[in-house]
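1. Next one to model:
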Amino acid sequence: MTDPAYDLAMPARQHSCVIFASPHSGRDYPAAFLRDSVLDERAIRSSEDAFVDRLFDAAPDFGAPLLSARVPRAYVDLNRGVDELDPAVVAGVQRRGHNPRVASGLGVIPRVVANGRQIHRGKLSRSQAQERLDRCWHPYHATLKGLLAATHLQFGQAILVDCHSMPHEAIENMLGGGWARPEVVLGDRFGAAAGGEVVDRIEAAFSAAGLRVARNAPFAGAYVAQAYGRPERGQHAVQIEIDRSIYMDERQIAPRPDFDAFRALMRGVIAEIAAIGAADMPLAAE
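-> This is a model prediction of the structure:
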């Protein structure tokens, strides 16, 4: 299924309660948006989770849906609340309390890309902002909610795996004292978004593939994990961040020569995660 905001790849038969989603890998940049931005076509892609949708595209082979954004993060950030509007980007918006994401320029319509580089020449009107949200944010989240509801109805539970990548610099200076830096960070909002057994098994899948895994630092999960993680109701949400330098040239925004080898490794990880919620391997809701 294809929509201007997203692609939805469904398995021939859904036999896992796991749903994979990639809200930041979209790369369909509207020509008018590029023309009106102060950034060139490479700089504007710097906050994109490039190629993450390709890393997880085996999900339907293991009975799990894959929802992938087509809209780019610099245009509408699908991992933000629809009300996280920035007064510095949208005319007529009133600041309501302190929101650190909005304050840093990373609201639902971002002000900046990586390294704080400004996107827009001027402000959007409220109607222009609403048009973006109506065309992009609402369809994506309506589909995600529908997938979660249908999956929970079928299996008695649903596990959302929210797939992202992180700049290498985000973890470059993270640890000292000889500790190895993580290659994957799992965010469950410190247990608020997912049950411990679910997160343990997702961590085990990455660890078995030889990847170093950390939890909740430096990324504990953003809007999607907060909005959809309800472990007490049998609905779990886990954010996954993969170090981009493992599979891509961050400066060129291009796959590394060994991209296909890492993608094959990820196929095994996806199989293990999908098996957590397979129909013949029920996991009791926590």
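2. Using PDB, list the CA coordinates for stretch 218-238.
-> Coordinates of the C-alpha atoms in stretch 218-238 are reproduced here as PDB (Å, rounded to 0.1, in the frame of the first residue of the first chain):
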ATOM      1  CA  PRO A 218      21.600   8.800  24.700                       C
ATOM      2  CA  PHE A 219      18.100   8.000  23.300                       C
ATOM      3  CA  ALA A 220      15.200   6.800  25.500                       C
ATOM      4  CA  GLY A 221      12.400   7.200  22.900                       C
ATOM      5  CA  ALA A 222      10.500  10.200  21.600                       C
ATOM      6  CA  TYR A 223       6.900  10.800  20.700                       C
ATOM      7  CA  VAL A 224       6.100   7.500  19.100                       C
ATOM      8  CA  ALA A 225       7.400   5.500  22.100                       C
ATOM      9  CA  GLN A 226       5.600   7.800  24.400                       C
ATOM     10  CA  ALA A 227       2.300   7.800  22.500                       C
ATOM     11  CA  TYR A 228       2.000   4.200  21.600                       C
ATOM     12  CA  GLY A 229       3.800   2.300  24.400                       C
ATOM     13  CA  ARG A 230       1.200   0.900  26.800                       C
ATOM     14  CA  PRO A 231       2.700  -2.300  28.200                       C
ATOM     15  CA  GLU A 232       0.000  -2.600  30.800                       C
ATOM     16  CA  ARG A 233      -2.400  -3.000  27.900                       C
ATOM     17  CA  GLY A 234      -0.200  -5.400  26.000                       C
ATOM     18  CA  GLN A 235       1.000  -2.700  23.600                       C
ATOM     19  CA  HIS A 236       4.700  -2.300  23.600                       C
ATOM     20  CA  ALA A 237       6.900   0.300  21.800                       C
ATOM     21  CA  VAL A 238      10.700   0.100  21.500                       C
END
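3. Show me which residues of it are buried.
-> Residues 219-231, 234-238 are the ones in stretch 218-238 that count as buried (16 or more other C-beta atoms under 10 Å). C-beta here means a position set from N, CA and C on the backbone, and glycine is covered the same way.
4. Filter those residues down to the ones in strands?
-> In strands, defined here by DSSP state E, the members of those are 235-238.
5. can you pull the contacts of the spatially closest residue to residue 222 that is not a sequence neighbour?
-> Spatial nearest neighbour of residue 222, excluding adjacent residues (C-beta to C-beta, 6 or more residues apart in numbering): residue 79 at 4.9 Å. When the contact criterion is C-beta atoms under 8 Å, 6 or more residues apart in numbering, the partners of residue 79 are 23-24, 73, 162, 164, 222-224.
6. Give the next helix or strand downstream of the host helix or strand of residue 199.
-> The secondary structure element spanning residue 199 is helix 196-208 (assigned by DSSP states H and E). Using DSSP H and E, the helix or strand that follows helix 196-208 towards the C-terminus is strand 213-215.
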